[in-house]
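[1] From the sequence below, what's the structure:
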Amino acid sequence: MFSLFQVNGVSHNLPVIVADGQLRAYQHGTNILVQTNFGLTVSYDLVYQARVTIPGSYEGQTCGLCGNYNGREDEEFLLPNGRTAPDEAAFGSAWEVEIPGASCTDRCAGNSCPVCEEKKKDVFRGRNYCGLLTDPDSPFAACHGVVSPSVYQSNCLYDVCLGNGDSQVLCQSIHSYVTACQEAGAPIQPWRSASFCPVSCPANSHYEVCADLCTTTCSGDIMDCPETCAEGCQCDDGFFFDGQGCVTLESCGCFERGRYYKPNETVLMSECQQSCTCVPARGVTCKAQGCSREEICQIRDGVRACVSKDIPKPSCSVVRCREGTICKMINGQAECVPVSQTTCWAGGYLHYHTFDGRVYDFHGTCNYTVAKTCRDDSVLPSFHVIAKSENSGNTQVFYIESVTVQVDGVTVTAARTEVGFVGCGHALTGGTYVNR
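    I've put the predicted structure just below:
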């Protein structure tokens with residue numbers, strides 16, 4: 001799966017370290033991890049599942065689709081105004097995030113969503129389908145006592161049914177349980193084969209049920225790598241992960257000031273006043289440069305560049321924001337902004353499991369607040385996690401197109417487009433985006 005990573009709208013290659021080390025992003029198996037120094041971890045598999053983990057100090061401090069984390073499942077469906085939503089549809093719609101140019105469609109929620117006939121479910125309960133998750137002799141048996149497979153099997157049955165038995169849907173559903181198990185430290189036995197959920201790894205790499213990309217990168221040992229496993233593609237001996245694939249040491253680029261540069265990659269820095277190039281074996285060299293009188297420095301499509309002044313600028317005059325928010329120009333973009341260790345996950349097509357354990361379904365195509373800090377008087381660092389959901393052509397089947405994390409003035413976005421890019425400050429670096 002290909003990904004794009006941006007920081008404040010600028011594309012970056014993984015790994016990325018920003019905000020003086022307060023926020024880091026890197027590849028962990030098939031997932032992208034975004035971590036902060038105050039305990040927030042966001043994991044995204046680029047299509048099926050996003051997981052948000054926060055420390056216990058945030059109890060009672062959050063809101064959004066992941067709930068308020070107050071220990072009570074019956075108080076999860078709170079609207080932005082603090083009132084209780086009448087149902088899942090009203091709750092989900094209330095946490096839409098207005099994005100200029102993006103449209104939202106609330107397809108269904110709860111009992112209004114499509115249902116699967118029991119006859120079809122019986123077929124998919126077999127060991128060749130979702131039944132593998134709960135089989136006592138399956139490769140996941142050692143995890144059953146650590147992470148219950150029941151919810152994952154239920155979601156699998158629903159999703160595979162709506163996908164008419166699609167093998168990719170099945171494999172993604174099983175992978176979501178594998179991720180939960182591995183994050184919990186439970187052992188997983190090999191479960192993929194050439195005929196069942198095969199993984200196609202890029203050149204110079206191979207699949208492992210417990211891959212290690214974090215300590216074998218071109219950037220060297222710069223990350224506080226997780227102790228847990230994650231299945232994915234492991235670089236062959238003698239090769240290193242450069243954010244997109246496995247290359248020889250001689251083909252590695254440069255890592256400087258928290259950013260990885262591809263060999264011979266050139267980017268504009270300091271409001272286009274510097275042109276910096278990665279010279280293999282020598283590092284990053286910069287020289288003065290500037291825009292002409294007919295140009296201005298702007299970030300377009302994740303790349304900072306000198307662009308013609310004749311190109312219309314984004315404007316708040318054409319943006320309509322929801323009640324309680326106003327439009328502001330941020331880094332040259334019109335955005336609607338508010339006037340004023342537990343894990344939650346969104347997965348499947350689309351199922352939610354809140355910080356307090358409540359499970360519900362809400363299907364819609366929009367940008368949604370998954371979780372954020374909601375108490376203005378809190379002394380804890382604030383954060384905002386947004387997920388964008390889309391349907392895949394089948395109007396009943398949804399996927400997560402991108403995940404955005406906002407922390408301390410920095411915005412990073414991981415999206416399913418090109419592998420290993422990150423966006424930073426409205427510039428493009430590889431699989432992920434970071435804004436400052």
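
[2] Show me where the stretch 51-200 of the chain has its strands.
    Secondary structure of the stretch 51-200 of the chain (DSSP state E, counting those that start in this stretch): strands located at 62-63, 105-109.

[3] what comes up buried for stretch 202-222?
    Going by neighbour count (16 or more other Cβ atoms under 10 Å), the buried part of stretch 202-222 is 204-205, 207-209, 211-214, 216-219, 222. Where C-beta positions appear, they are placed from N, C-alpha and C, glycine not excepted.

[4] cool, and stretch 220-234?
    If you call a residue buried by 16+ other Cβ under 10 Å, then stretch 220-234 has these buried ones: Ile222, Met223, Pro226, Cys229, Ala230, Glu231, Gly232, Cys233, Gln234.

[5] Serialize these to TSV and add fields for pLDDT.
    TSV is the format used below for those (pLDDT from 0 to 100):
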residue	pLDDT
Ile222	71
Met223	73
Pro226	84
Cys229	86
Ala230	92
Glu231	95
Gly232	92
Cys233	92
Gln234	93
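
[6] Among these, which are located in strands?
    Using DSSP state E, the members of those that fall in strands are Gly232, Cys233, Gln234.

[7] got a list of what the residue nearest to Cys225 when sequence neighbours are not counted touches?
    Using Cβ to Cβ, 6 or more residues apart in numbering and skipping the chain neighbours, the partner closest in space to Cys225 is Cys214 (3.8 Å). Contacts for Cys214 (Cβ atoms under 8 Å, 6 or more residues apart in numbering) come out as Tyr26, Gln27, His28, Met223, Cys225, Pro226.

[8] Report the beta-bridge partners for the third one.
    Right, His28. Here His28 sits in beta bridges with Asn31, going by DSSP bridges.

[9] I'd like to know how far it sits from Val42.
    Distance, His28 to Val42, using Cβ to Cβ, to the nearest Å: 11 Å.

[10] what do you get for the fourth one?
    Using Cβ to Cβ, one obtains 15 Å as the distance from Met223 to Val42.

[11] Kindly report the same for the second one.
    When Cβ to Cβ is applied, the distance between Gln27 and Val42 equals 14 Å.

[12] same deal with the fifth one?
    In this view, Cys225 and Val42 are 16 Å apart by Cβ to Cβ.

[13] Excluding chain neighbours, give the residue nearest to Gln153 in space.
    Once flanking residues are discounted, Gln153 sits nearest to Leu133: 4.6 Å by Cβ to Cβ, 6+ apart.

[14] Let me see the ranges of the helices in this protein.
    For the chain, applying DSSP state H gives helices covering 88-94, 118-124, 150-162, 167-183.

[15] tell me what the first one is packed against?
    Okay, so that is helix 88-94. Helices and strands touching helix 88-94, by 3 or more Cβ pairs under 8 Å, 6 or more residues apart in numbering; DSSP states H and E, are strand 105-109, strand 359-373.

[16] before we move on, back to that, format the contacts of Cys214 as CSV; extra columns: distance to Ile400.
    Formatted as CSV, the contacts of Cys214 follow (distance: Cβ to Cβ, whole Å):
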residue, distance to Ile400
Tyr26, 19
Gln27, 17
His28, 17
Met223, 24
Cys225, 25
Pro226, 21
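
[17] Run through the bridge partners of the closest residue to Val97 other than its chain neighbours.
    Spatially, and ignoring its direct neighbours in sequence, Val97 is nearest to Asn367 (4.1 Å; Cβ to Cβ, 6+ apart). For Asn367, the beta-bridge partners are Lys388 (DSSP bridges).
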